[in-house]
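Undergrad: Fold the following and give me the result.
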Amino acid sequence: MAGQIFLYNGRIYTGDGKKPWVSALLIEDQYISAIGESHEFSPSISRDSITIDLEGRIVLPGLCDCHIHVSDWAKKITQLNLEDSSSRDEAVQMIRNEYKGQEWLLGWGWNANAWDEYLMPRASDLNFLSPHTKAVFINKDYHTAWVNYPVFDLMDTRILMKNIQNGRVPLDTSGKPLGIIKEDALNELISPIIRNMESPVFHEPEKIFKELFKQGITTVHAVEEYDNFIKYQDLYQDLSKRGPRFRSYIYWDDYKPVESMMMSSGGGGSWFEFLGMKIFLDGSLGSRSAAIRFDYTDTTAQSFLKYSREELDGILSKASRNHWDMMVHVIGDAALEQIFNSLHKYDGKCRLEHVQYIPEDLLNRTLWRNLTICINPSHLPGDIHLAEKIWGKDNCDHAYNYRDLWNTGANVIIGSDAPVETVNPWKAVHAAVFRYPEKEEKSWYPEQSLTIDECIDALTIHPSLAAGKEHLVGKLLPGMLADMIVISEDPFETEDFLSIETLMTIIDGRIVYSVL
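TA: Got it, this is the predicted structure:
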């Protein structure tokens, strides 16, 4: 049992419109038992309770990262980071510096769009590695891999040839694979090879989860493979190894074991839950494969719709029969139109991820109020110039239009998309409020900004609504679970969101992180 914790002399944001601010809060075991003003609590406090003088600091409901790939994010912490490379040559040099003759060399974060010159990396760039070394480097948006030639020897030849023919594995001028694996080919060719490389989260959960607690994250909406979902289920049986409340979607490629286990959405308790299945409808901006209804300005881009109308209808019908809620990856307007045209085949809860391009005709559809929309504002600063370059400046008035999305009445939530971006929620808030391009302070379509109040809702009560847990978490009210954070600055008063730090994180009435 967690016992009694009394927080007083603070500014505690409850999230409740009738009583948004109090100065004190009492936790008994895992629940909030009372809120009010500090002087009202003296008779209620036991001699054994933990008392915390907040000294005027801000308390918020615990934050939810609504889109995070926890296992991959944990791997990212231990792999070679190529994010800071400014060119292909520099990325190669960073790999040279890291190489010590190991059998496997894994990394992430390279971004040809951000390099001084847009040049795709090649397998031949890695010829300095031993023939016994296999190298796989995932790009920033996790839609493309750069590999060396020995990795091709591990691939299923039939699947490789199929993906060469459909352009997902491009060839160089000599007819050899260039060393780039895109989109579906990544899942078909690379995932089977590296799947058995277990994420460090299962070996060092306390260390990995502490990094989330430091960011004030008390709940995650994760996206995982089925095998990892089962590992988390086992991990969370041990109270001492639990991280944030874990609610997870499972990739559609793994629907067969989910179906055979007769899993349905909402199966689980307050700590661990299966939310549903995730599908991809298109690619990404960074990999120049988002499905849009106009022509890219870049001839290297390839608009990509993963499913036909009939295939998508079949997926949604299967999801309905199995009582699976759906998470749908949608970047471009062609993908958005496709899911809108197929939703009549589906009677569960649907949430759309990213939704980065919404022209007027789709914005005016009547479906929005029934949907949850997960936006990833941390992408915005780095995507602005690329969107203008390959979608065209004249088209970008419909890009990343968060205000328009909010005004549809959809339930808007915020996720990091880590490991693609940082798990720091205040970076997302800063991007949603200010909409600055990287290294600039001139707002891009400022009329599409969100307010700080809306961002806080999108990180607290809105995720609870999306998961059907609004009676348990998302606000700081008597009877709700005691998930909350103490932070260094008042986000409702400051504009310096990036300087906000978490000072204490409480989950289920237990202090899991503190620097107070």
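
Undergrad: Low-confidence regions, the stretch 251-400 of the chain specifically.
TA: Applying pLDDT under 70 to the stretch 251-400 of the chain flags no residue at all.

Undergrad: Next: the stretch 51-200 of the chain.
TA: Screening the stretch 51-200 of the chain residue by residue with the criterion pLDDT under 70, one finds the ranges 196.

Undergrad: Can you list the residue ranges for strands in it?
TA: Applying DSSP state E, counting those that start in this stretch to the stretch 51-200 of the chain gives strands spanning 58-61, 63-68, 80-81, 104-110, 134-139, 144-147, 180-182.

Undergrad: out of the ones you listed, nearest to N407?
TA: Closest to N407 of these, according to Cβ to Cβ: strand 63-68, at 19.6 Å. Where you see a C-beta, it was placed from the backbone N, CA and C, and this is true even at glycine.

Undergrad: From the chain's centroid, how far away is the closest one?
TA: Mean C-alpha position of strand 63-68 versus that of the full chain (Cα atoms, centre = their mean, to the nearest Å) differs by 6 Å.

Undergrad: so what secondary structure elements neighbour it?
TA: In this structure, strand 63-68 makes packing contacts with strand 217-224, strand 411-414, helix 452-459, helix 461-467, judged by 3 or more Cβ pairs under 8 Å, 6 or more residues apart in numbering; DSSP states H and E.

Undergrad: CA atoms only: put the third one into PDB for me.
TA: Taking only C-alpha atoms (Å, rounded to 0.1, in the frame of the first residue of the first chain), the coordinates of helix 452-459 have been written out as PDB:
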ATOM      1  CA  ILE A 452      -1.500  26.000 -23.600                       C
ATOM      2  CA  ASP A 453      -4.800  25.000 -22.000                       C
ATOM      3  CA  GLU A 454      -5.700  22.900 -25.000                       C
ATOM      4  CA  CYS A 455      -2.300  21.300 -25.000                       C
ATOM      5  CA  ILE A 456      -2.600  20.400 -21.300                       C
ATOM      6  CA  ASP A 457      -6.000  18.800 -22.000                       C
ATOM      7  CA  ALA A 458      -4.500  16.900 -25.000                       C
ATOM      8  CA  LEU A 459      -1.900  15.400 -22.600                       C
END
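
Undergrad: Give the buried residues for that helix.
TA: Residues I452, E454, C455, I456, D457, A458, L459 are the ones in helix 452-459 that count as buried (16 or more other Cβ atoms under 10 Å).

Undergrad: ok, back up a step: and among the strands of the stretch 51-200 of the chain, the most buried is which?
TA: strand 63-68 (a mean of 29; mean count of other Cβ atoms under 10 Å).

Undergrad: what sits up against that strand?
TA: 212, 215-223, 244, 353, 374, 376, 413-418, 423, 425, 459-460, 463-464, 466, 474, 485 (Cβ atoms under 8 Å, 6 or more residues apart in numbering).

Undergrad: picking that back up, the strands of the stretch 51-200 of the chain: which one's closest to S317?
TA: Between S317 and the strands of the stretch 51-200 of the chain, the shortest gap by Cβ to Cβ is with strand 63-68, which sits at 25.3 Å.

Undergrad: picking up where we left off before, need the strands of the stretch 51-200 of the chain in CSV (columns: distance to E441).
TA: Conversion of these to CSV gives the following (distance: least, Cβ to Cβ, whole Å):
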stretch, distance to E441
strand 58-61, 25
strand 63-68, 26
strand 80-81, 26
strand 104-110, 25
strand 134-139, 28
strand 144-147, 31
strand 180-182, 35
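
Undergrad: Of the ones you listed, which is nearest D172?
TA: For D172, the closest of these is strand 180-182, at 9.8 Å, according to Cβ to Cβ.

Undergrad: elements contacting that closest one?
TA: For strand 180-182, the elements it packs on are strand 144-147, judged by 3+ Cβ pairs under 8 Å, 6+ apart.

Undergrad: What segments of the stretch 351-500 of the chain are helices?
TA: According to DSSP state H, counting those that start in this stretch, the stretch 351-500 of the chain carries its helices in the segments 360-363, 380-390, 402-407, 425-434, 452-459, 461-467.

Undergrad: Show me what the shortest one is packed up against.
TA: If I follow you right, that is helix 360-363. In terms of contact count using 3+ Cβ pairs under 8 Å, 6+ apart, helix 360-363 is assigned the packing partners helix 333-342.

Undergrad: One more pass at 10 Å, please.
TA: With contacts defined as 3 or more Cβ pairs under 10 Å, 6 or more residues apart in numbering; DSSP states H and E, the secondary structure elements packing on helix 360-363 are helix 333-342, helix 402-407.

Undergrad: now swap in the longest one and tell me
TA: With contacts defined as 3+ Cβ pairs under 10 Å, 6+ apart, helix 380-390 has these neighbours: helix 425-434.

Undergrad: Would you mind writing the CA trace of the helix it packs on as PDB?
TA: In PDB, the C-alpha atoms belonging to helix 425-434 read as follows (Å, rounded to 0.1, in the frame of the first residue of the first chain):
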ATOM      1  CA  PRO A 425       6.200  16.600 -23.900                       C
ATOM      2  CA  TRP A 426       7.100  20.300 -23.500                       C
ATOM      3  CA  LYS A 427       8.800  20.200 -26.900                       C
ATOM      4  CA  ALA A 428       5.500  19.100 -28.400                       C
ATOM      5  CA  VAL A 429       3.700  21.900 -26.400                       C
ATOM      6  CA  HIS A 430       6.200  24.500 -27.600                       C
ATOM      7  CA  ALA A 431       5.700  23.400 -31.300                       C
ATOM      8  CA  ALA A 432       1.900  23.300 -31.000                       C
ATOM      9  CA  VAL A 433       1.700  26.800 -29.500                       C
ATOM     10  CA  PHE A 434       4.400  28.600 -31.400                       C
END
